[in-house]
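Engineer: let me see the structure of the following:
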Amino acid sequence: MLATSKVLSLGTLDLMAPIHGDGTTTGFSPVLAGAAILCLSFLGFDAVSTLSEEAKEPRRSVPQAIMIATLVSGVIFVVLSYLGQLVFPSNQFADVESGSLDLMLTAGGQFLQTFFTAAYVAGALGSAITSQASVARI
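Structural biologist: Down below sits the predicted model:
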């Protein structure tokens, strides 16, 4: 694996580091911790089904929408997690609760950190509105 790591390395950036880690964590516990985070990250993918009455051909399109939303979200999650680990490999955040801000500051400076915060607030607002709409439908 070390030879593969050398081939896929750009200067001092080891592209395989998020895959093989730093060698300090062994066993099955990191996999279980990752599975717990993964489950919580995809909570709510089935919210697509709450507005299924308005869909054309709901028996066919709603299950498709749920699977597409899950797969696309999974791909986005894996890619962003991988890139985040490349940008900030130490995981030594100033505050664990706001670790994404440290990541954005490292990746793109103050502008990206501010843009990320604004996008996060807009996403939270959109999620709240969607939650209210789905509860009103029930």
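Engineer: most distant residue from the middle of the chain?
Structural biologist: Using C-alpha atoms, centre = their mean, the residue of the chain lying farthest from its centre is residue 57. It sits 30.6 Å away.
Engineer: could you measure that residue against residue 28, distance?
Structural biologist: 43 Å (C-beta to C-beta, to the nearest Å). From N, CA and C alone the C-beta is placed, and that goes for glycine too.
Engineer: and residue 89, by the same measure?
Structural biologist: For residue 89, the distance to residue 28 equals 22 Å [C-beta to C-beta].
Engineer: try residue 37
Structural biologist: Look at residue 37 and residue 28: by C-beta to C-beta, they are 15 Å apart.
Engineer: which of the two has more neighbours?
Structural biologist: Per other C-beta atoms under 10 Å, whichever of residue 37 and residue 28 has more neighbours is residue 37, with 12 against 7.
Engineer: which elements pack onto whatever helix or strand the more buried one lives in?
Structural biologist: Taking DSSP states H and E as the criterion, residue 37 maps to helix 29-41. Applying 3 or more C-beta pairs under 8 Å, 6 or more residues apart in numbering; DSSP states H and E, one finds that helix 29-41 makes contact with helix 58-87.
Engineer: could you report the neighbour count for residue 38?
Structural biologist: 13.
Engineer: kindly report the same for residue 96.
Structural biologist: If you count neighbours by other C-beta under 10 Å, residue 96 ends up with 9.
Engineer: which pLDDT value goes with it?
Structural biologist: On pLDDT, residue 96 comes in at 82.
Engineer: where does this protein have low pLDDT?
Structural biologist: 1-13, 20-27, 41-47, 51, 137-138 (pLDDT under 70).
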